[in-house]
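J.: fold the following.
(one chain, ligands or ions: 1)
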Amino acid sequence: MKSFIIAIGLAVGFGFAAPVGAQSPIVIKFSHVVAPDTPKGKGAEHFKQLAEQYTRGRVKVEVYPNSQLYKDKEEVEALQLGAVQMLAPSLAKFGPLGVKEFEVFDLPYILPNKVALRAVTDGPLGRKLFSRLESKGITGLAFWDNGFKVMSANRPLRMPEDFRGLKMRVQSSKVLEAQMRALGAIPQVLAFSEVYQALQTGVVDGSENTPSNMYTQKHNEVQKYITLSEHGYIGYAVIVNKKFWDGLPPDIRSDLERAMADATKYANEISQQENDDALEAIKKSGSSTFITLNADQKAAWRQALLPVYDEMAPRIGKDVISEFEKEAKASRTN
Ligand code: LMR
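T.: Predicted structure coming up:
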């Protein structure tokens, strides 16, 4: 009897734990849609390396790039179902999930620079946006940069009227649809993995993206003109399945939080250079003619895109837009 009780006591005391070395690691499947050689691709690889190092192998991160597992929409569903544990969708892809406030980042020219961006993502609004994900079974961990967007087509896009009648691919954001309509184009929502073929076959005429995404998907090879418009921004929210995250042993979770903080710093440090290098590589390839807008053309784009704010305010929330602008502006006076 005594030895039985001691055995029970030992078992309870050690939580029935097998020796650490014998435990199989916790697996995090991190799925994303871009190439490994991009700000997000490199950030994901860096997170994997740090997470495995900080947890001393108790966590294994499997990174699946290039829509290998899931396309844009399916990956979010897969996360909610627990088929994958981690994603980093672009901020323009949270509308279909019902969290429309994220689309504030898609408003044309809302971000003057990256300092303003950090003020928003690291401030109260960033936290508020993440809290909106909790009821969807998702926890937001970090904001990662890609960069500012350029426009591409097979005709030069200098003035808003140059967009007239063009079918332009957009991400699944109503703000981006409104943006293209405001320019006189016809927006077409397509998953990222489908863009190259759609451009090649003429299903769409043009697109907007960061130089890094364009170059690594070879979009430039099927687009004669690239306008260096920087009219908008692409960034990511790194998200996890909430149940999975909350169920992790606390020490492991805190190791992973440290890995995520360090990977975030890294990803945000390399993003500008990645995009500068991609632009340079496109230039060298000679595939496309670059267009730089003069002051009058820039003013005409801004003017044409201004109505998007009023049109989209009921969707995003006037308060969210004002808070964004306030936090972004405050960064300039600090
Ligand atoms: C796109 O779908 O155009 C991009 O945002 C993809 C990505 O994740 O960068």
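J.: residues from this protein in reach of the ligand?
T.: 33, 34, 40, 90, 146, 171, 192, 209, 213, 234 (Cβ under 6 Å from any ligand atom). Any C-beta I mention is one placed from the backbone N, CA and C, and that applies to glycine too.
J.: which ones among the residues you listed map onto strands?
T.: 146, 209, 234 (DSSP state E).
J.: surely the first one and residue 35 touch.
T.: It stands for residue 146. No - in this structure, residue 146 is not within contact of residue 35 by Cβ atoms under 8 Å, at 11.9 Å.
J.: looking at those two, which is more packed in?
T.: Between residue 146 and residue 35, counted using other Cβ atoms under 10 Å, residue 146 has the larger neighbour count: 27 against 17.
J.: now do the contacts for that one.
T.: By Cβ atoms under 8 Å, 6 or more residues apart in numbering, the contact set of residue 146 is 38-40, 90, 210, 212-213, 233-236, 271, 275.
J.: quick check: closest non-adjacent residue to it.
T.: residue 234 (4.3 Å; Cβ to Cβ, 6 or more residues apart in numbering).
J.: contacting residues around the one you found?
T.: Contacts for residue 234 were tallied using Cβ under 8 Å, 6+ apart; they are 90, 91, 92, 146, 147, 148, 149, 209, 210, 213.
J.: beta partners for it?
T.: residue 147 (DSSP bridges).
J.: for it, give its distance to residue 143.
T.: From residue 234 across to residue 143, the span is 12 Å (Cβ to Cβ, to the nearest Å).
J.: ok, residue 23 to residue 249 distance?
T.: The value you get for residue 23 to residue 249, if Cβ to Cβ is used, is 11 Å.
J.: find the residues that touch each one of residue 234 and residue 143.
T.: residue 91.
J.: nearest spatial neighbour of residue 199, chain-adjacent residues omitted?
T.: Leaving out its chain neighbours, the residue that sits closest to residue 199 by Cβ to Cβ, 6+ apart is residue 222, at 4.6 Å.
J.: what is the neighbour count of that neighbour?
T.: 19.
J.: before we move on, what about the one 4 residues further on?
T.: With neighbours defined by other Cβ under 10 Å, the count for residue 226 comes to 27.
J.: same question, residue 303
T.: Residues near residue 303, counting by other Cβ under 10 Å: 11.
J.: got the contact list for it?
T.: Residue 303 neighbours (Cβ under 8 Å, 6+ apart): none.
J.: how is it assigned, secondary-structure-wise?
T.: Put simply, residue 303 is helix when judged by DSSP: H, G, I helix; E, B strand; the rest coil.
J.: per-residue pLDDT, it?
T.: Looking at residue 303, its pLDDT stands at 98.
J.: could you measure from it over to residue 297?
T.: Separation of residue 303 from residue 297 (Cβ to Cβ): 11 Å.
J.: one step back: farthest pair in the contacts of residue 146?
T.: 38 and 233 (15.2 Å; Cβ to Cβ).
J.: which of the contacts of residue 234 sits closest to residue 177?
T.: Closest to residue 177, out of all of these and judged by Cβ to Cβ, is residue 92, at 10.4 Å.
J.: and the pLDDT for that closest one?
T.: We note a pLDDT of 98 for residue 92 in this prediction.
J.: could the contacts of residue 234 be laid out in JSON lines, adding distance to residue 180?
T.: Listed next are the contacts of residue 234 as JSON lines, based on distance: Cβ to Cβ, whole Å:
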{"residue": "90", "distance to residue 180": "16"}
{"residue": "91", "distance to residue 180": "17"}
{"residue": "92", "distance to residue 180": "13"}
{"residue": "146", "distance to residue 180": "19"}
{"residue": "147", "distance to residue 180": "20"}
{"residue": "148", "distance to residue 180": "17"}
{"residue": "149", "distance to residue 180": "12"}
{"residue": "209", "distance to residue 180": "13"}
{"residue": "210", "distance to residue 180": "17"}
{"residue": "213", "distance to residue 180": "17"}
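J.: among the residues you listed, which one sits closest to the ligand?
T.: Set against the ligand, the nearest of these by Cβ to the nearest ligand atom is residue 90 (3.4 Å).
J.: surely the closest one touches residue 170?
T.: No - counting by Cβ under 8 Å, residue 170 is not a contact partner of residue 90; they are 11.1 Å apart.
J.: overlap of the contact sets of those two?
T.: Common neighbours of residue 90 and residue 170, using Cβ under 8 Å, 6+ apart, do not exist here.
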